[in-house]
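1. Using only what follows, build the 3D model:
(chains A, B, C and D)
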Number of protein chains: 2
Amino acid sequence: MYDVAERSGVSIATVSRVYRSPDTVREQTRQRVLEAARELGYVPSGNARGLASRSTGVLGLCFPDYSDPDAESEAESTAGEDIDDAAMLYSDQIIRGMERAARRHGYALLIAASLKGGPESLVAKVAGRVDGFAVLARTVATEELEVISRRQPVVMLAGPRESDDLDHLDHIEVANADGQRELTRHLIEDHGLRRLAYIGSAEESPDVAARFRGYVEACRAAGLPAPDEPDLRVGMMTQAEGAQAADALLERSGPRPDALLFANDQMAVGALHTLERRGVRVPRDIAVTGFDGIALSRIVRPALTTVRQPMRRMGEEAVELLVRRLTGRQDSEPVSMMLPVSVARRSSCGCGD
Amino acid sequence: MYDVAERSGVSIATVSRVYRSPDTVREQTRQRVLEAARELGYVPSGNARGLASRSTGVLGLCFPDYSDPDAESEAESTAGEDIDDAAMLYSDQIIRGMERAARRHGYALLIAASLKGGPESLVAKVAGRVDGFAVLARTVATEELEVISRRQPVVMLAGPRESDDLDHLDHIEVANADGQRELTRHLIEDHGLRRLAYIGSAEESPDVAARFRGYVEACRAAGLPAPDEPDLRVGMMTQAEGAQAADALLERSGPRPDALLFANDQMAVGALHTLERRGVRVPRDIAVTGFDGIALSRIVRPALTTVRQPMRRMGEEAVELLVRRLTGRQDSEPVSMMLPVSVARRSSCGCGD
DNA sequence: GTGAAAGCGCTAACAA
DNA sequence: TTGTTAGCGCTTTCAC
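-> Numbers count the residues shown, from 1 in each chain, chains lettered A, B, ... in the order given. All right, here's what the predicted structure looks like:
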């Protein structure tokens, strides 16, 4: 910048003005500066700018390393096949939504996933480079978030506020219970299924817990016994775990369930594989459902009946919330919104394709 | 930082060390600093850090505002329907690939799309905040790129180097000509189609030009007349334009073509709609093909035969290239790679589903 | 319309 | 192991 100033015979202040508010600089001066900049290959430093002006024009997103090893390898091993984008997950949809919305407001988007065994704080890295950011639930330690959120707007995505320390954060969740309740009702009332089995996860994320709650409510409403616990809990909610779960459930003594309700799509897909291998026909012999509505759910055969989460919309709303905080008065009350979901009735429950 | 230093009774240098290289600080001191930081709600400024250390730990991606209004509205109007992620485009796959690879190397990813009538330079904004970045061809003015690339690694994506000014950039393209040639050959030899019509674009991007070239080569190789020009050129390669193109082509006098080869999937999908409306059966009456392999191409009925571009891989390779430049000696020769494509034979050309 | 000067919050030698 | 001291490249008053 000093070089540009010198070369064009002005002060650095003027160079700065040329980039910030071109109209406050005389046309002729501006041209001279711009030309010098070009000749010297000058690119304004976003860092210095941010440092001096205390704002970056960037919003952020932190998400966990959700990647399902199975989905990944499946996509890669069949390179050139169609499965590729089936691996499209949650986070991709959220990114999509945030990017669109951020763009509309003139912001860029910084995205970062926590590395598997990531040592140093991911959030901190992001937080230090953005004006505000969204966090997918359970990506970061509550305590750390609490500290950061004192300095800049943070919105929590998916899953209720984790703790009371964080109840000043804006927050967007999805109607998990509603969705699972409606899906369960559909299975019971519309398909007449009675022996349902629910597969949840060992580590009770609030979302997963809410889904189970919806399931229980639907059972109760239909006059079926309302279980206290999922029929099975798995570790990571991956395809592999889903496949194992299906195996385990089928080998249990007693009557075979006529529906397997999984807490997410990936597990359900894994189960579909297992069932096919065992010669159990879906939905004829047994119905299978998931939750999320990832792209893969539509691609598998039979297509998976599931509950679609509006992840893209969630990303958009997150940006709106952030922008509001960034431009408005900070003191306003924390916002908490719950996005509606919809049941996608597809083949795996017995509905047409 | 000064406050933290004061509160924990150390110098700012020590505070800095606690975050950069914790092991070089005595355990006890570190704890004291960390606690003070927590109490004060201290979050290191990425900007200041980047400024002082001349590196950001962030890679970037600039892409054009490719969004197809049709696809967008289609997805939104049917909220809750399955079409949603069908709108997944190019850029999303590239983002995906880059994010994964960047994560592996410890970088975050900054993404920004050029706004429709964007006034001020997008690239500059990104460039100033990252250590290196990738640009989707035709997103930015050549001249600007030339200036920026003197300061930091830039890799060009999709499409040959735009000009000689940019031939020092690393560069990744896909085998457009090969793919279109093979697809055309398939139509001619395997399906015995002879009256082909090619729909290109008015603004000749190098990629689109290469596809047409492949088409011409295949025609010539098969002994068919080799056209100088596409049978039709549209403006924006959107669904709407594709639909119009199909209409226009069907209404031309002379024998109806038995195959419509579009330069991208979106146009082909638009054409599929038109054909259905007009009662022309695909592939029975006429074959239709696209190019890209976007998710939508598999979802439409009949499923679209197309050429799949390895966009995700392109994103990964871009990061590898950037990281190499960033860590290695800068002087090495510019790299230029061409990624292979594959033909996805689906229903719309007469192949099974 | 333009310039001078004082930071913005951190890292990176170099000392101690 | 810890402290001191320069900047990093820009924005921002406040003069002129």
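2. was I right about A:Thr139 contacting A:Phe63?
-> Yes. A:Thr139 is in contact with A:Phe63 according to Cβ atoms under 8 Å; the separation is 5.7 Å. Heads up, the C-betas are built off the backbone N, CA and C, glycines and all.
3. ok, and for stretch A:215-231, which residues are buried?
-> By neighbour count on 16 or more other Cβ atoms under 10 Å in any protein chain shown, the buried set for stretch A:215-231 is A:Tyr215, A:Val216, A:Glu217, A:Ala218, A:Cys219, A:Leu224, A:Pro230, A:Asp231.
4. More neighbours: A:Thr139 and A:Phe63, which one.
-> Per other Cβ atoms under 10 Å in any protein chain shown, whichever of A:Thr139 and A:Phe63 has more neighbours is A:Phe63, with 26 against 23.
5. Pick out the most distant pair among the buried residues of stretch A:215-231.
-> A:Glu217 and A:Asp231 (16.5 Å; Cβ to Cβ).
6. With adjacent residues omitted, what lies nearest to A:Arg281?
-> Counting by Cβ to Cβ, 6 or more residues apart in numbering or on different chains, A:Arg281 lies nearest to A:Leu275, which is 7.7 Å off, once chain neighbours are set aside.
7. A:Gly128 now?
-> Here the residue nearest A:Gly128, using Cβ to Cβ, 6+ apart, is B:Gly46, at 3.2 Å.
8. Ok, A:Leu34 next?
-> In this structure, A:Leu34 finds its nearest non-sequential neighbour in A:Val18, 6.6 Å apart by Cβ to Cβ, 6+ apart.
9. sec struct for the one you found, please.
-> helix (DSSP: H, G, I helix; E, B strand; the rest coil).
10. My guess is it contacts A:Arg30. True?
-> Yes. In this structure, A:Val18 is within contact of A:Arg30 by Cβ under 8 Å, at 5.3 Å.
11. Whichever residue of the stretch 101-250 of chain A sits closest to DNA strand D: what's it in contact with?
-> Using Cβ to the nearest atom of the strand, the single residue of the stretch 101-250 of chain A nearest to DNA strand D is A:Asp131, 13.1 Å away. Contacts for A:Asp131 (Cβ atoms under 8 Å, 6 or more residues apart in numbering or on different chains) come out as A:Ser55, A:Thr56, A:Gly57, A:Val58, A:Leu59, A:Tyr107, A:Gln152, A:Pro153, A:Leu322, A:Leu326.
12. ok, of these, which come out buried?
-> Of the contacts of A:Asp131, these count as buried by 16+ other Cβ under 10 Å: A:Thr56, A:Gly57, A:Val58, A:Leu59, A:Tyr107, A:Gln152, A:Pro153, A:Leu322, A:Leu326.
13. just checking, the first one touches B:Asn47?
-> Read that as A:Thr56. Yes. Taking contacts as Cβ under 8 Å, A:Thr56 lies within contact range of B:Asn47: 6.8 Å.
14. so what sits against both of these two?
-> Common neighbours of A:Thr56 and B:Asn47, using Cβ under 8 Å, 6+ apart, are A:Gly46, A:Gly50, A:Arg129.
15. which of the residues you listed lies closest to DNA strand C?
-> Nearest to DNA strand C among those, with distances taken as Cβ to the nearest atom of the strand, is A:Gly50, at 8.6 Å.
16. Which residue ranges of the stretch 51-200 of chain A form helices?
-> A:69-77, A:90-104, A:122-127, A:142-148, A:176-185 (DSSP state H, counting those that start in this stretch).
17. which of A:Val18 and A:Arg30 has more neighbours?
-> Shown here are A:Val18 and A:Arg30; by other Cβ under 10 Å, A:Val18 has more neighbours (23 against 20).
18. returning to what we had before: what is in contact with A:Thr139 and A:Phe63 at once?
-> A:Ser114.
19. returning to that earlier point: which members of the contacts of A:Asp131 additionally contact chain B?
-> A:Thr56, A:Gly57, A:Val58, A:Gln152 (Cβ under 8 Å from any Cβ of the partner chain).
20. Export those as CSV, with columns for distance to DNA strand C and pLDDT.
-> Shown next, in CSV, are those (distance: Cβ to the nearest atom of the strand, whole Å; pLDDT from 0 to 100):
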residue, distance to DNA strand C, pLDDT
A:Thr56, 12, 95
A:Gly57, 16, 94
A:Val58, 16, 96
A:Gln152, 12, 93
